[in-house]
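*Asks:* quick check, what structure comes out for this input:
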Amino acid sequence: MKTSELYDFSVEALQNKLADNETEMANLRFQKALQQLEKPTRIRDLRREIAQIKTRLHEIELGIREEKGKEA
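*Replies:* Model prediction:
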């Protein structure tokens, strides 16, 4: 997912996406431990996506950027 796409999501959607990504990360780490992981680069990509989502949520919290759909 591109960073610019994250700005189109609401806070609730970002939180849901974050929870889904964290669950997927746990599953990928488990697969890695069992040496059943098919795409090792997916861990890196997912870790970066989680960081981008957390950054976007923090920007909204601090008021640096406004939530999508919110009137100014």
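*Asks:* which stretches of the protein have low pLDDT?
*Replies:* For the chain, the stretches with pLDDT under 70 are 69-72.
*Asks:* what are the contacting residues of stretch 36-45?
*Replies:* 25, 28, 29, 31, 32 (CB atoms under 8 Å, 6 or more residues apart in numbering). From N, CA and C alone the C-beta is placed, and that goes for glycine too.
*Asks:* an error on my part: the question was meant for stretch 14-32.
*Replies:* In this structure, residues lying in contact with stretch 14-32 by CB under 8 Å, 6+ apart are 6, 9, 37, 40, 42-43, 46-47, 49-50, 53-54, 56-57.
*Asks:* got the contacts of stretch 36-45 as TSV, with secondary structure columns?
*Replies:* Listed next are those as TSV, based on DSSP: H, G, I helix; E, B strand; the rest coil:
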residue	secondary structure
25	helix
28	helix
29	helix
31	helix
32	helix
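*Asks:* show me which of those residues are buried.
*Replies:* By neighbour count, with 16 or more other CB atoms under 10 Å, the contacts of stretch 36-45 hold 25, 28, 31 as buried.
*Asks:* so how far is residue 16 from the second one?
*Replies:* The one in question is residue 28. The gap separating residue 28 from residue 16 is 19 Å, by CB to CB, to the nearest Å.
*Asks:* what of the first one?
*Replies:* Between residue 25 and residue 16 the distance is 15 Å, computed by CB to CB.
*Asks:* nearest to residue 68 among the buried ones among the contacts of stretch 36-45?
*Replies:* Set against residue 68, the nearest of the buried ones among the contacts of stretch 36-45 by CB to CB is residue 25 (24.9 Å).
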